[in-house]
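**Q** Attaching a predicted model along with its sequence, questions to come.
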Amino acid sequence: MKNKPYPYYDVPQMNDLKDMLLKKAALEPNLTAFVYPCETGEMKKSYKDLLDDVNAMGTWIYNKKLKNKHVGLIGENSYEWLVVYFALVNGGNVAVAIDKALPEEEMKNLAATGDVETVFVSETYFDKVNKKVGKKAYNLKNFEEMLSEGRKLLKAGNDEFIKYEIEPDKTATILFTSGTSGVSKGVELTNRNLAFEITHTSQLFEPRGGVLAVLPFHHAFGLIVGILMVVNYGFPIYINKSLKHVKKNMVDFGPQTMFLVPLFVEYFHKQVWSEVEKKGKTVAFKGLMKTTNALLKAGIDVRKKTYGSIRKAFGGNLEYIICGGAALDPMYVKEFHTWGIEILNGYGATECSPCTSVNRPLFNKPGSVGQLVPGIEVKTTEEGEVAFKGDLVMKGYYNNPEATAEALKDGWYHTGDLGYVDEDNFIFLTGRKKNLIILSNGENISPEELEMDFGRDDGVQEVLVYDENSKIVAEIFPVEEKLGDQEYFNKLMDKVNKGRPLYKQVASVRLRNEEFIKNASMKIIRYKNIPNPQTSAKTEEDI
């Protein structure tokens, strides 16, 4: 079966995260849940280990009088972070995930916004946070001691945490939007939201092997899709603690699936072509790709053997990259497909737990952001804005009724994205409602279209298109070899403008020497980077 509708995948059913861990430990107790580097080399945790650790941590947390509290989590990706997260949610506390990379003052503000008094912090960031964020901080370097005390309490008959019953519509977690406006709001997701997202989105895609977890856990895509969904399926998760180790982790662990944002895809793509160019084989490689694609059309697949060196760099087993967080040029999908790695583009927002659509392995459409998650509704408004309704839509923005009322109308979450839905419930995006450049002649232009065309050039590392005095400007952060090369980018501008109506043409290119400011999703924050803020877009979505 190729690129046709086919049945949804059978997914392990669960009611909440507590139910999920109990079922995994009962049905597959010895199966590997997590693998991660540690001081002695490599640590493996089974589903029984995971449940035992969560119960011990939850009992310890209860013993510290943390019940029905909003509790912060700050730190790099780690098994310890996840155990505390599970323990908080499964005990009725609200887990508030805060980006470790934020300035101290912003962490403090987010903690205050989320009514956080107590935080769990990794050793790396403890000094930065202690006595500055919240009122009480626990250092995760003492993780094993916490577990030991919790086990003793359990052995002594303290079963209050274990007996706690999850309330479906109670807030389970607060995740902050890292929208491109720079204004973070606390998204309240309930136990029902999480369970629905995990079980229904999984019907569109299932991993067939290990997953390397690269995206930050404080981010909805990295946590709910990249971790919780995989746990429910029962495949091992390899935890990447630092981006500088991604290449090594891929080789060491050999993942079958990775969940990434476009920045990673673009980086990996440029690395492949850079190696080809260093060997002086660009023309020959392009010819080889044409031949490969022709053979594929004839039903002959030689990709594994032909592109073995590329696949080896990704660990040798990588079959799928699920990509979300921002727009992805279809060119990347096509070229990775030629190399034998399928990129399935997805879409959503933190406000939707977060995934609302994803392309399927055997049913996908180039240029789309995927097929609608089963069990939810989608529509486009008269203005062309995409909106969703269903059990994955957030409870609201914490302590922010005005913003909640603006985003949720009659149960529909209005995304701010412009697009359309086809007859197969595939979603296609055309731009951001608030990003639209409205020129003095009344013409509307989506900057994303121009940014994508500039971004295809090997000399462009990052690009932002905006309106300045009714003229379209493309501001570019070049790759190192092209820094300051105005002539090169003026020629690129002419190439991009060719065939476009005059009102859609870029008037000038402006070069910069440093990266644009980005949010946690690695999307450029427009209002902080555009010289004329009153004409910039202010967006809130996450994925």
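**A** Now that the structure is in, tell me what you want to look at. Numbers count the residues shown, from 1 in each chain.

**Q** Does the spatially most central residue of the chain fall in a helix, a strand, or a coil region?
**A** What sits nearest the mean C-alpha location of the chain, by Cα atoms, centre = their mean, is residue 221, with 3.5 Å. Here residue 221 is helix, with the state taken from DSSP: H, G, I helix; E, B strand; the rest coil.

**Q** Can you report how many residues neighbour residue 262?
**A** 22 (other Cβ atoms under 10 Å). Where you see a C-beta, it was placed from the backbone N, CA and C, and this is true even at glycine.

**Q** follow-up on the earlier one: my guess is the residue nearest to the centre of the chain meets residue 215, correct?
**A** Yes: under the criterion of Cβ atoms under 8 Å, residue 221 makes contact with residue 215 at 5.9 Å.

**Q** For burial, what's the neighbour tally of residue 308?
**A** Per other Cβ under 10 Å, the neighbour tally for residue 308 reads 12.

**Q** same check, this time on residue 464
**A** 22.

**Q** Might you report the residue contacts of it?
**A** Residue 464 makes contacts with 447, 451, 474-475, 516, 524, 526, 529-530, as judged by Cβ atoms under 8 Å, 6 or more residues apart in numbering.

**Q** again with residue 306
**A** Applying Cβ under 8 Å, 6+ apart, we find residue 306 in contact with 288, 292.

**Q** could you pull out the helices for the stretch 101-250 of the chain?
**A** In chain order, the stretch 101-250 of the chain shows helices spanning 104-113, 123-129, 143-155, 160-163, 191-201, 220, 229-233, 246-253, with DSSP state H, counting those that start in this stretch as the criterion.

**Q** Pick the most deeply packed of those.
**A** helix 220 (a mean of 33; mean count of other Cβ atoms under 10 Å).

**Q** average pLDDT for it?
**A** Helix 220 shows a mean pLDDT of 95.

**Q** Who are the packing partners of that helix?
**A** Taking 3 or more Cβ pairs under 8 Å, 6 or more residues apart in numbering; DSSP states H and E as the contact definition, helix 220 has no neighbouring helices or strands.

**Q** where do the strands sit along the stretch 1-150 of the chain?
**A** In chain order, the stretch 1-150 of the chain shows strands spanning 32-38, 41-46, 70-74, 94-97, 118-121, 136-139, with DSSP state E, counting those that start in this stretch as the criterion.

**Q** Tell me which of the ones you listed lies nearest to residue 417.
**A** When the strands of the stretch 1-150 of the chain are ranked by proximity to residue 417, the top entry is strand 94-97, at 23.9 Å, counting by Cβ to Cβ.

**Q** May I have the closest one exported as CSV, CA atoms only?
**A** This file holds the C-alpha atoms of strand 94-97, laid out as CSV (Å, rounded to 0.1, in the frame of the first residue of the first chain):
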residue,chain,number,x,y,z
VAL,A,94,0.6,20.5,38.9
ALA,A,95,3.9,20.1,37.2
VAL,A,96,5.1,23.5,35.9
ALA,A,97,7.9,23.1,33.4
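
**Q** Off-centre distance for it?
**A** 18 Å (Cα atoms, centre = their mean, to the nearest Å).

**Q** how about the helices in the stretch 351-500 of the chain?
**A** Secondary structure of the stretch 351-500 of the chain (DSSP H, counting those that start in this stretch): helices at 401-407, 447-455, 486-497.

**Q** now those helices as JSON lines including distance to residue 197 and mean pLDDT?
**A** Supplementary listing: the helices of the stretch 351-500 of the chain in JSON lines, determined by distance: least, Cβ to Cβ, whole Å; pLDDT from 0 to 100:
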{"stretch": "helix 401-407", "distance to residue 197": "18", "mean pLDDT": "95"}
{"stretch": "helix 447-455", "distance to residue 197": "26", "mean pLDDT": "89"}
{"stretch": "helix 486-497", "distance to residue 197": "38", "mean pLDDT": "96"}
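
**Q** hey, which of these is tucked in deepest?
**A** The densest packing among those, expressed as mean neighbour count by mean count of other Cβ under 10 Å, is seen in helix 447-455 with a mean of 20.

**Q** From residue 336, how far out is the nearest residue to residue 262 once chain neighbours are set aside?
**A** Among residues not flanking residue 262 along the chain, residue 328 sits closest, at 4.6 Å (Cβ to Cβ, 6 or more residues apart in numbering). Distance of residue 328 to residue 336, computed by Cβ to Cβ, to the nearest Å: 10 Å.

**Q** okay, and the common contacts of the two?
**A** Between them, residue 328 and residue 336 share the neighbouring residues 265, 343, with contact defined by Cβ under 8 Å, 6+ apart.

**Q** Contacts only, for residue 52.
**A** Contacts for residue 52 (Cβ under 8 Å, 6+ apart) come out as residue 151.

**Q** Give me the pLDDT for it.
**A** Looking at residue 52, its pLDDT is 98.

**Q** likewise the one 3 residues further on?
**A** You'll see residue 55 listed with a pLDDT of 98.

**Q** and if you look at residue 525?
**A** In this prediction residue 525 is given a pLDDT of 82.

**Q** Hmm, residue 517 and it touching each other?
**A** Yes: with contact defined as Cβ under 8 Å, residue 525 reaches residue 517; the gap is 5.1 Å.

**Q** In terms of neighbours, single out the busier of the two.
**A** Counted by other Cβ under 10 Å, residue 525 and residue 517 do not tie: residue 525 has more neighbours, with 21 against 13.

**Q** where's the more buried one relative to residue 149, distance?
**A** To residue 149, residue 525 is 42 Å away according to Cβ to Cβ.

**Q** Check residue 377 too.
**A** According to Cβ to Cβ, residue 377 stands 47 Å off from residue 149.

**Q** what stretches of the stretch 301-450 of the chain score poorly on pLDDT?
**A** Counting by pLDDT under 70, the ranges of the stretch 301-450 of the chain that qualify are 438-444.

**Q** residue ranges of the strands in it, please?
**A** Shown for the stretch 301-450 of the chain, the strands assigned by DSSP E, counting those that start in this stretch span residues 320-323, 342-348, 355-358, 371-372, 377-380, 385-389, 396-397, 408-409, 412-421, 427-432, 437-438, 444-445.

**Q** would you turn those strands into JSON lines with distance to residue 269?
**A** As requested, those are arranged in JSON lines below (distance: least, Cβ to Cβ, whole Å):
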{"stretch": "strand 320-323", "distance to residue 269": "11"}
{"stretch": "strand 342-348", "distance to residue 269": "10"}
{"stretch": "strand 355-358", "distance to residue 269": "20"}
{"stretch": "strand 371-372", "distance to residue 269": "25"}
{"stretch": "strand 377-380", "distance to residue 269": "30"}
{"stretch": "strand 385-389", "distance to residue 269": "27"}
{"stretch": "strand 396-397", "distance to residue 269": "36"}
{"stretch": "strand 408-409", "distance to residue 269": "37"}
{"stretch": "strand 412-421", "distance to residue 269": "24"}
{"stretch": "strand 427-432", "distance to residue 269": "21"}
{"stretch": "strand 437-438", "distance to residue 269": "28"}
{"stretch": "strand 444-445", "distance to residue 269": "27"}
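
**Q** Now that we have those strands, can you turn them into CSV and tack on distance to residue 17 and mean neighbour count?
**A** Below are those laid out as CSV (distance: least, Cβ to Cβ, whole Å; neighbours: other Cβ atoms under 10 Å):
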stretch, distance to residue 17, mean neighbour count
strand 320-323, 21, 24
strand 342-348, 19, 24
strand 355-358, 17, 28
strand 371-372, 24, 22
strand 377-380, 25, 15
strand 385-389, 23, 21
strand 396-397, 21, 22
strand 408-409, 24, 16
strand 412-421, 22, 20
strand 427-432, 28, 20
strand 437-438, 43, 17
strand 444-445, 44, 15
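
**Q** Nearest to residue 128, out of these?
**A** Go through these one by one with Cβ to Cβ and the one that ends up closest to residue 128 is strand 396-397, at 26.6 Å.

**Q** What count of nearby residues applies to the closest residue to residue 2 other than its chain neighbours?
**A** Taking Cβ to Cβ, 6+ apart, and ignoring the residues beside it in sequence, residue 2 has residue 362 as its nearest neighbour in space, at 6.5 Å. For residue 362, the neighbour count with other Cβ under 10 Å is 11.
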